[in-house]
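Chemist: coordinates only, sequence not included:
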């Protein structure tokens, strides 16, 4: 438990330090695909909401992005025999590098640690009563974004794909996330 408190403290410190730096806050969402095991039978789809604060480090191409995401995995919610519904919350910090930057566009690959917590109900194949599911995973999230900067106060970020490699055969990916700068 102490390890997770340390991760949370580091996440909060990045946000506090960002007040001293040039930073933008983004809000948006996109599609989410999660696999709870290596078998594709345990693949779940839904939507997710994302909040990011991109903090540029001293006029360089490097930036840190604390990210918080909530996902609703609802594709099997209305299955008549085996109804399943999950939510996931993930927190992570990405290290970004503006690989290509021209005019008002930036192409930025990123990678960083991620903590994912999943909870929900699983009717399962043999269960008479839905079973509660509650687990967490630590992983590495990678991806790339394309940002259009209209002005200092408004930009749009498209993240075509992110992928979270995690322990215990859990993977999660975001597909076509669209974020808008709100601050």
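Modeler: Thanks, I have it. All values derive from a computational prediction rather than experimental measurement.

Chemist: residue 150 is in what secondary structure piece?
Modeler: When elements are assigned from DSSP states H and E, residue 150 belongs to strand 131-151.

Chemist: which SSE is the residue nearest to the spatial centre of the chain in?
Modeler: Geometric centre of the chain, nearest residue: residue 69, 4.9 Å, by CA atoms, centre = their mean. Element membership for residue 69 (DSSP H and E) is strand 62-73.

Chemist: which other helices and strands contact the next helix or strand after that strand?
Modeler: As assigned by DSSP H and E, the chain's next helix or strand after strand 62-73 is strand 84-97. If contacts are counted by 3 or more CB pairs under 8 Å, 6 or more residues apart in numbering; DSSP states H and E, strand 84-97 sits against helix 2-17, strand 23-35, strand 43-56, strand 62-73, strand 105-122, strand 131-151. For the C-beta atoms, the positions are set from N, CA and C on the backbone; glycine is no exception.

Chemist: by contact count, what packs against the strand holding residue 150?
Modeler: Packing partners of strand 131-151 (3+ CB pairs under 8 Å, 6+ apart): strand 84-97, strand 105-122, strand 154-166, strand 171-181.

Chemist: looking at these, which is nearest to residue 45?
Modeler: Among the helices and strands packed on strand 131-151, strand 171-181 comes nearest to residue 45, with 9.0 Å by CB to CB.

Chemist: could you tell me the angle between that closest one and strand 131-151?
Modeler: If you take axes from the mean of the first three to the mean of the last three CA atoms, to 10 degrees, strand 171-181 sits at 40 degrees to strand 131-151.

Chemist: what's strand 171-181 in contact with?
Modeler: 24-35, 48, 50, 52, 69, 71, 88, 90, 116, 139, 143, 153-166 (CB atoms under 8 Å, 6 or more residues apart in numbering).

Chemist: mind listing what's buried in it?
Modeler: 171-174, 177, 179, 181 (16 or more other CB atoms under 10 Å).

Chemist: as a whole number, average confidence for it?
Modeler: For strand 171-181, mean pLDDT is 90.

Chemist: what does stretch 71-86 give?
Modeler: Per-residue pLDDT over stretch 71-86 has a mean of 76.
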